[in-house]
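K.L.:
Predicted model and sequence below, questions to follow.
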Amino acid sequence: MSPLQQAGDFLVTTLFDLYTFILILRFILQYLRVNYYNPFTQFVVKATGSLVVPVRRFIPGWRGIDFATLLVILSVTLLKLTLVTLIRYKTTPFLPGLLIWSIGDILKLTVNIYFFSILIQVFASWVPALSHSPMLEIIQQLTYPIIKPFKKIIPLIGGIDITPIPVILLLQLINILFTNSIIMIGIQIALLR
């Protein structure tokens, strides 16, 4: 790739991933019913509302699942990967492969949300001043469902909770073995033209 293509690829990937990251957070936070009035939650809702709210008028949620947000996440990811394909390979992607690639990309971002949330929670536990941060409150509510089963199995060692370590390792293994495989299959099918 030329430097201009690399710059375009970097900008498209970074900007779309950041926004998709926030959209996925919106979906998860809503599903977990975290504190809506938390400043961090308000930021997520306001940053994504311009796309999600109009779609929600036509696609309602059901049993706590916000299908409008899921559709927006998929649409934004499809657009990102179409642009990436045009920049990297100078071709339009084959739709079935693009869908598979998009699902893998969304799953990878979701796993990364949990990975980074757990890392932030671990580092924040070492800094007492951060213990009352509004963002940390949300991160704890976000990570609790996946850390809880490990807390039942792994005891404290010398008063130190090591449960984040196996969770972080498991999340990375999911990305390496599962989501990366989906992405590679999607890319191969998307470039079949």
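P.N.:
On my side now, so go ahead. Numbering: from 1, shown residues only.

K.L.:
rest of the way, CA atoms for contacts and neighbours
P.N.:
Noted.

K.L.:
By mean pLDDT, flag the weakest helix or strand of the protein.
P.N.:
helix 134-153 (a mean of 90; mean pLDDT, DSSP states H and E).

K.L.:
Enumerate the positions of that helix that are buried.
P.N.:
Buried residues in helix 134-153, defined by neighbour count with 16 or more other CA atoms under 10 Å: Met135, Leu136, Glu137, Ile138, Ile139, Leu142, Thr143, Ile147, Phe150.

K.L.:
Give the other helices and strands that that helix contacts.
P.N.:
helix 3-32, helix 39-56, helix 95-125, helix 164-174 (3 or more CA pairs under 8 Å, 6 or more residues apart in numbering; DSSP states H and E).

K.L.:
Out of those, which is the most enclosed?
P.N.:
Highest mean neighbour count of the helices and strands packed on helix 134-153: helix 95-125, a mean of 19 (counted as mean count of other CA atoms under 10 Å).

K.L.:
Could I get the average pLDDT for it?
P.N.:
On average, the pLDDT along helix 95-125 is 94.

K.L.:
Thr91 - how many residues pack around it?
P.N.:
15 (other CA atoms under 10 Å).

K.L.:
That one in helix, strand or coil?
P.N.:
Here Thr91 is coil, with the state taken from DSSP: H, G, I helix; E, B strand; the rest coil.

K.L.:
ok, it - contacts?
P.N.:
By CA atoms under 8 Å, 6 or more residues apart in numbering, the contact set of Thr91 is Thr85.
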